[in-house]
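# mind looking at a prediction? Sequence and model below.
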Amino acid sequence: MNCRSEVLEVTVEARQVEEAMLALLHTILLHRSTGKFHYKKEGTYSIGTVGTLDFDCDFIDFTFVRVSSEELDRVIRKAVSEFKDALGNSGSDGMGQISLEFYQKKKSRWPFSDECIPWEVWSIKVNVVNLANEQERQICREKVGEKLGEKVINVVEVINRHEYLPKMPTQSEVDNVFDTSLKDVQPYLYKITFQITDSLGTSVSTTMRRLIKDTLAL
Amino acid sequence: MDSGLSPQDKKDLDKFIKFFALKTVQVIVQARLGEKICTRSSSSPTGSDWFNLAIKDIPEVTHEAKKALAGQLPGIGRSMCVEISLKTSEGDSMELETWCLEMNEKCDKDIKVSYTVYNRLSVLLKSLLAITRVTPAYKLSRKQGHDYVILYRIYFGEVQLSGLGEGFQTVRVGVVGTPVGTVTLSCAYRTNLAFMSNRQFERSAPIMGIIVDHFVDPPCSSQRPANMGQPCNYRAPDEEDGGPFAGVQDSQEVCTTSFSTSPPSQVRGHTPSLLFTVFLYPLTSSLPFSNLFFYFTFSFLSLSVFLPVSVCCNSALFFPAQMLHAGKEGGVVLVPAQPPHGADAHLTAEHAPNTPGSSGDDDGLSQSGEGRRDEGRRSVSPSDPVESLNAFTRKIGAFVNKPSTQVKSTHRPSYVLFSVCVQVQPPDSPPCPSPLQASLHSQGSEGSGPQDDFVMVDFRPAFSKDDLLPMDLGTFYREFQNPPQLASLSLHISSQSMADDLDSLPEKLAVYEKNIDEFDAFVDMLQ
């Protein structure tokens, strides 16, 4: 199965990183979350209700819609906060990438662990700029807001192609497809990772990966 | 033909499309209400939440939508459209966007109605929720209020995009294939918002019924939305307030911050102490403008009770639009249009933060953009009291675009900035250059006079030792604490009239001419 991969790129000020990432990640998760499944005896299931919430950004002239779930919001905020801190500590370049990967678990026999097979990966590349004065910052607020709007339209366009989605699972397999740990909503299984680009334009992890691959290829 | 569709599937599909159309209208209209929307997730299915999404149903909107559909369903050649327009308090209106729910002939016979179509329609509704916050009309709708309101109109049939002006943009929200056709949801939005700037304003009453085919009630006058073309907000218009700052109903507060410069300069033997007292005064609707001067005068007089003062007073009256730049961090940063005389400090005043979840912050944030928005509005030459109120409100640049119910909870007062420069002249006192030196003045020194308000018990200057020099630092201070006043700056000289000066000139000139040789020798010596 091929994994669908989409890349979004944004250029923001340092203080806008968090909200820009939240806007995009929450927009994606809004579309990739359902209500909680309630399985019935006949093999059918009913689905709970997903609420939505408008969020006004403080540092960007933008409002986005997210799933009305504080638990999910906490998880996403924690990941974004770690990314932001890593970006801030990386040095003056301020380039990085945060990835939201949706995957399915495939049960393996003992002693092998379950395999995680990604079916959709969203990569958001971030370029952090420093601005000199308040006027530039004000312009940046609006410009970044417009850019995020364009990215939301891009996300919606991709999602509404209605390409591969995992099949709705039976009760025994629901944990292989969905994250059932939350109380109120049920997103597809996902993980968030990030990497920071160093000044050479390459990340440490990709360099190491390339080295290992090259070594194995010999 | 849908011959491959079972009757149950056909029935289900019709029901899905009908409720999808109704929910689409709800999402669009609610996104233009001017408020933030928040609905709760529920883990237990309630059975009444179509497409597993918590979307509230506003009864009037549902009624309008059903009326427009008139029992039909969106189909091929029969589109359901929701038109969003803006109407100003002067009666001008402008179409902002048109949302179209259409169906084309491309069928997907193999798709499962009860599962796949339903879930995809759910995803499409989520996309609609996201896209409705992205189009330009969203920001306009969040700021609607006294100046303009946002209206909606639902119609069925052929899509009409001519009212959107030239260069309108289209964004496709999404498509869902069904066995009877492909459902498409899209939005066409206006990009040219400056239509009003070129029109001449006429001093005549607005033509009644100018848009009767759209709107039954004029905007800002209805409590509840009428049958068609209703405002997207449901508040009562706030036109009872007589003051220029209608709609702001906060208690008055006076906030003062005093600074004193240190040290004051020595000019003409006087020692002025400059006090820059800045009054940050929030303007509220119930306080007439004249009372501001009362407060100003009162505060000034209270100063003069304690000090004999000669006052040079500069008051700068700043209009809020020029001076406030609301900071999202919770403070209000003053950015004066004209810097107050001598004061270069930026003041931050804590004010009650806006209610969380309000869009009041957007008002402040976009105040710098108000200038741009104002370009799109015409200047008002009022023809009735309501319009004059609006005109004054607009000219002041007061905080507009909030419904009064919201304004009550999300106040944003204007501020008037006064700066008073006060020059203090202590009468009959020898020069005292700085408060610091005054405090060091000892009781026994010469020329102390009225300066001995401070009695120095023991003076031990820092970094000095008694046995090093015959004259230690403390002695030096005491001896040279009050140097004699320069003769040229003494009072009796300055009080001479100019006539006396002129009279004494010839004598002085005669003396200089007599001693001219000495002066020449002095100049030669220097060269």
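Ah, there it is.
# from here on, just use CA atoms for contacts and neighbour counts.
Fine.
# what's the burial count for residue B:499?
Applying other Cα atoms under 10 Å in any protein chain shown, we find 8 residues neighbouring residue B:499.
# skip ahead from the biggest helix by length in chain B and say which helix or strand is next.
Using DSSP state H, we find that the single longest helix of chain B is helix B:7-31. Per DSSP states H and E, helix B:7-31 leads on to helix B:59-69 as the next helix or strand towards the C-terminus.
# residues of stretch B:156-176 that come out buried?
B:156-157, B:159, B:161, B:164-165, B:168, B:172-176 (16 or more other Cα atoms under 10 Å in any protein chain shown).
# next: stretch A:51-62.
In stretch A:51-62, counting by 16+ other Cα under 10 Å, buried: A:51-62.
# that stretch near chain B anywhere?
Yes: Stretch A:51-62 reaches chain B (Cα under 8 Å from any Cα of the partner chain) through A:51-56, A:58-59, A:62.
# using the three-state scheme, assign residue B:117.
Following DSSP: H, G, I helix; E, B strand; the rest coil, residue B:117 is assigned to helix.
# same question but for residue A:104, I mixed them up
Recorded secondary structure, residue A:104: strand (three-state DSSP).
# and whatever residue of the stretch 151-300 of chain B ends up closest to chain A, how far from residue B:184?
Checking the stretch 151-300 of chain B residue by residue against chain A with Cα to the nearest Cα singles out residue B:174 as nearest, at 5.3 Å. Counting by Cα to Cα, to the nearest Å, the gap from residue B:174 to residue B:184 is 6 Å.
# same check, this time on residue A:185
Counting by Cα to Cα - residue A:185 and residue B:184 are separated by 27 Å.
# pull out the buried positions in the longest helix out of those in chain A.
The residue-count maximum for a helix in chain A (DSSP H) belongs to helix A:134-159. Neighbour counts over helix A:134-159 (16+ other Cα under 10 Å) mark A:137-138, A:140-149, A:151-153, A:155-157, A:159 as buried.
# for chain B, tell me which of these show up nearby.
A:149, A:152-153, A:156-157.
# and of the residues you listed, the nearest to residue B:120?
residue A:156 (12.4 Å; Cα to Cα).
# where does the residue nearest to that closest one when sequence neighbours are not counted fall, secondary structure wise?
Using Cα to Cα, 6 or more residues apart in numbering or on different chains and skipping the chain neighbours, the partner closest in space to residue A:156 is residue B:127 (5.9 Å). Residue B:127 is located in helix B:118-131, with elements delineated by DSSP H and E.
# quick one: average confidence on the next helix or strand after that helix?
Sequence-wise, the next helix or strand downstream of helix B:118-131 (DSSP H and E) is helix B:136-142. Confidence over helix B:136-142 (mean pLDDT, whole number) is 93.
# helix B:136-142 near chain A anywhere?
No: using Cα under 8 Å from any Cα, helix B:136-142 stays clear of chain A, with a minimum separation of 8.7 Å.
# same deal with stretch B:177-189?
No: interface with chain A: stretch B:177-189 contributes nothing (Cα under 8 Å from any Cα), its closest point being 9.8 Å away.
# show me the shaky parts of the stretch 51-200 of chain B.
Scanning the stretch 51-200 of chain B for pLDDT under 70 picks out B:194-200.
# how about the residues of it near chain A?
So far as Cα under 8 Å from any Cα goes, the stretch 51-200 of chain B lies against chain A at B:52-55, B:120, B:123-124, B:126-127, B:129-131, B:133-135, B:171-176.
# buried subset of the residues you listed?
Buried, going by 16+ other Cα under 10 Å: B:52-55, B:120, B:123-124, B:126-127, B:129-131, B:133-135, B:172-176, out of these.
# pretty sure residue B:79 belongs to a strand, no?
Yes: going by three-state DSSP, the assignment for residue B:79 places it inside a strand.
# and the nearest residue to it once chain neighbours are set aside, which helix or strand is it part of?
Excluding its sequence neighbours, the residue lying closest to residue B:79 (Cα to Cα, 6+ apart) is residue B:102, at 4.6 Å. If you go by DSSP H and E, residue B:102 is part of strand B:93-104.
# mind giving me the packing neighbours of that strand?
Here strand B:93-104 touches strand B:79-88, strand B:181-189, going by 3 or more Cα pairs under 8 Å, 6 or more residues apart in numbering or on different chains; DSSP states H and E.
# what does it rub up against?
Here strand B:93-104 makes contact (Cα atoms under 8 Å, 6 or more residues apart in numbering or on different chains) with B:21, B:74-87, B:137, B:159, B:161, B:163-164, B:181-190.
# of the residues you listed, just the buried ones, PyMOL syntax please.
Per 16+ other Cα under 10 Å, the buried members of those correspond to this PyMOL selection:
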select buried, chain B and resi 21+74+75+76+78+79+80+81+82+83+84+85+86+87+137+159+161+164+181+182+183+184+185+186+187+188+189+190
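# burial of residue B:5, as a residue count?
17.
# ok, now how distant is residue B:136 from residue B:156?
24 Å.
# sorry, slip of the keys, the one I care about is residue B:34.
25 Å.
# picking up where we left off before, of the buried residues of stretch A:51-62, which belong to strands?
The strands, defined by DSSP state E, take in A:52-56 from the buried residues of stretch A:51-62.
# with respect to chain B, which of those is nearest?
Among these, and counting by Cα to the nearest Cα, the member closest to chain B is residue A:53, at 4.3 Å.
# who's in contact with that closest one?
A:65-68, B:36-39.
# let me have these in CSV, extended by pLDDT and distance to residue B:11.
Putting these into CSV (pLDDT from 0 to 100; distance: Cα to Cα, whole Å) gives the following:
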residue, pLDDT, distance to residue B:11
A:65, 96, 32
A:66, 96, 33
A:67, 96, 31
A:68, 95, 32
B:36, 93, 35
B:37, 93, 32
B:38, 94, 32
B:39, 93, 29
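# return the member of those residues nearest to residue A:28.
Using Cα to Cα, residue A:66 is the member of the contacts of residue A:53 that lies nearest residue A:28, at 9.0 Å.
# spell out for me which residue occupies the centre of chain A.
residue A:100 (3.1 Å; Cα atoms, centre = their mean).
# so which bits of stretch A:99-114 are buried?
Applying 16+ other Cα under 10 Å to stretch A:99-114 flags A:99-105 as buried.
# starting at the chain centroid, how far to that stretch?
19 Å (Cα atoms, centre = their mean, to the nearest Å).
# pull the CA atoms of it into CSV?
Provided in CSV are the C-alpha atoms of stretch A:99-114 (Å, rounded to 0.1, in the frame of the first residue of the first chain):
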residue,chain,number,x,y,z
SER,A,99,5.0,15.6,10.7
LEU,A,100,1.5,14.2,11.4
GLU,A,101,1.4,10.5,10.4
PHE,A,102,-1.7,8.4,10.3
TYR,A,103,-1.1,4.7,10.5
GLN,A,104,-2.6,1.3,11.0
LYS,A,105,-1.4,-1.4,13.2
LYS,A,106,-0.9,-4.8,11.8
LYS,A,107,-0.8,-7.5,14.3
SER,A,108,2.2,-9.7,14.1
ARG,A,109,2.8,-13.1,15.6
TRP,A,110,4.9,-13.4,18.7
PRO,A,111,7.8,-12.5,19.2
PHE,A,112,7.5,-9.8,16.6
SER,A,113,5.9,-6.5,17.7
ASP,A,114,3.0,-5.0,15.8
